[in-house]
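> predicted model and sequence follow; I will ask about them next.
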Amino acid sequence: MLDRLSDISAPQERLESDELREEAATSGCARIDTCGDREMVTVTGTLRTVTLRPRAGVPALEAELFDGSGSLDVVWLGRRSITGIEPGRKLIASGRVAMSHGRRTLFNPKYELRPLGRE
């Protein structure tokens, strides 16, 4: 039974990934899987998770941004919450990529929430 469910959901996940990659390409944003350490980038995608996780005793709002090719962490230091930053929301983020614990990360990026009508 579980195999049948994964067979059904796999094509849907692939379609969503394809759609996100296409949106990134048409918006002129970089694909996350091609972003290198210390590179200035503008990326777009959907927030998969949003969590509050203190770093060195300072509040930090962390989100995982997925664009169909890969994901990166977006971290706002000193923030407990940001209106509109929630799972499922699409956004564009710009900043310098840092490798943190083996993951691509944008610290305190410039960002633009995508209108809800486009989702």
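That came in fine, so what should we check first?
> for the residue nearest to the spatial centre of the chain, give me its contacts.
Central residue of the chain (Cα atoms, centre = their mean): residue 65, 0.8 Å from the mean position. If you count contacts by Cβ atoms under 8 Å, 6 or more residues apart in numbering, residue 65 has them with 32, 43, 45-48, 71-74, 91, 93. Backbone N, C-alpha and C define where each C-beta goes, glycine included.
> do residue 78 as well
By Cβ under 8 Å, 6+ apart, residue 78 lies in contact with 58-60.
> let's see the pLDDT reported for it.
Residue 78 is assigned a predicted lDDT (pLDDT) of 94.
> roughly how far does it sit from residue 114?
Note on residue 78: its distance to residue 114, by Cβ to Cβ, to the nearest Å, is 24 Å.
> closest one to residue 14 out of the contacts of residue 65, please.
For the contacts of residue 65, the closest approach to residue 14 (Cβ to Cβ) belongs to residue 46, at 14.9 Å.
> element containing the closest one?
Element membership for residue 46, per DSSP states H and E: strand 40-52.
> ok, residue 85 next?
Residue 85 is part of no helix or strand, with elements assigned from DSSP H and E.
> hmm, back to that, sheet partners, orientation included, of the strand holding residue 46?
strand 60-66 (antiparallel), strand 90-100 (antiparallel) (DSSP bridges).
> just name the most buried of those strands.
Using mean count of other Cβ atoms under 10 Å, the stretch among the strands paired with strand 40-52 with the greatest mean number of neighbours is strand 60-66 (a mean of 19).
> run the chain-centre distance for it.
For strand 60-66, the distance from its own C-alpha centre to the chain's C-alpha centre is 7 Å (Cα atoms, centre = their mean, to the nearest Å).
> I'd like the next helix or strand past it.
Next helix or strand after strand 60-66 toward the C-terminus (DSSP H and E): strand 71-77.
> low-confidence ranges, this protein, go.
Of all residues in the chain, those with pLDDT under 70 make up the ranges 1-10, 15, 117-119.
> hmm, try it at 80
Across the chain, the stretches falling below the confidence threshold (pLDDT under 80) are 1-26, 55, 116-119.
> ok and the strand holding residue 46 relative to strand 71-77, angle-wise?
Calculated by axes from the mean of the first three to the mean of the last three Cα atoms, to 10 degrees, strand 40-52 forms an angle of 70 degrees with strand 71-77.
> appreciated, that's everything.
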